[in-house]
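*Asks:* Requesting a structural model of the entry that follows:
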Amino acid sequence: MSTTRDPYLQIVYKKLFESGDNNLVQIWFDRAVLDKYQGMPDFSIVRTDTIGRVSRGRIWSLDFGIGAEDSLIHASLSDLIQRLPDGEKEHWANHVVTPPFSLHFMQTRLAPASCTDDGDLRSWF
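*Replies:* Below is the predicted model of the structure:
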């Protein structure tokens, strides 16, 4: 997997870790999450080069960042929780894009008392 270390993002995450501000936590989505809203009455999708907004009249709106080549978008965890109506959250969750992760680790977060056997304990180095 190719990774990028952006000095600006390192500053953002340092601030996040120090403050616990969920507005700085970014969740990434396939841009197809927006397809649902194209051409629907009362919905609007607007953008600049790197920032966009999807809205439903004066009912709700969500601002998002636009990644390179327009293939991924991202929004803050805080906005996703506070601004998306309950009926939209599942739709957005179905379009989340994640880097490779440890399924066993995530299971221990979802069910803290669970027992996970994924190999022998050993030194990292």
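
*Asks:* Can you list the buried residues in the longest helix along the chain?
*Replies:* Ranked by number of residues, the top helix in the chain under DSSP state H is helix 7-19. Buried residues in helix 7-19, counted by 16 or more other Cβ atoms under 10 Å: residue 16. Glycine gets a C-beta too; all of them are placed from N, C-alpha and C.

*Asks:* tell me what that helix is packed against?
*Replies:* Using 3 or more Cβ pairs under 8 Å, 6 or more residues apart in numbering; DSSP states H and E as the contact test, no helix or strand touches helix 7-19.

*Asks:* Could you list the buried residues of the following helix or strand past it?
*Replies:* Of the helices and strands lying after helix 7-19 in sequence (DSSP states H and E), the nearest is strand 26-30. For strand 26-30, the neighbour count (16+ other Cβ under 10 Å) marks 26, 27, 28, 29 as buried.

*Asks:* Likewise for stretch 80-98?
*Replies:* 80, 84, 88, 92, 95.
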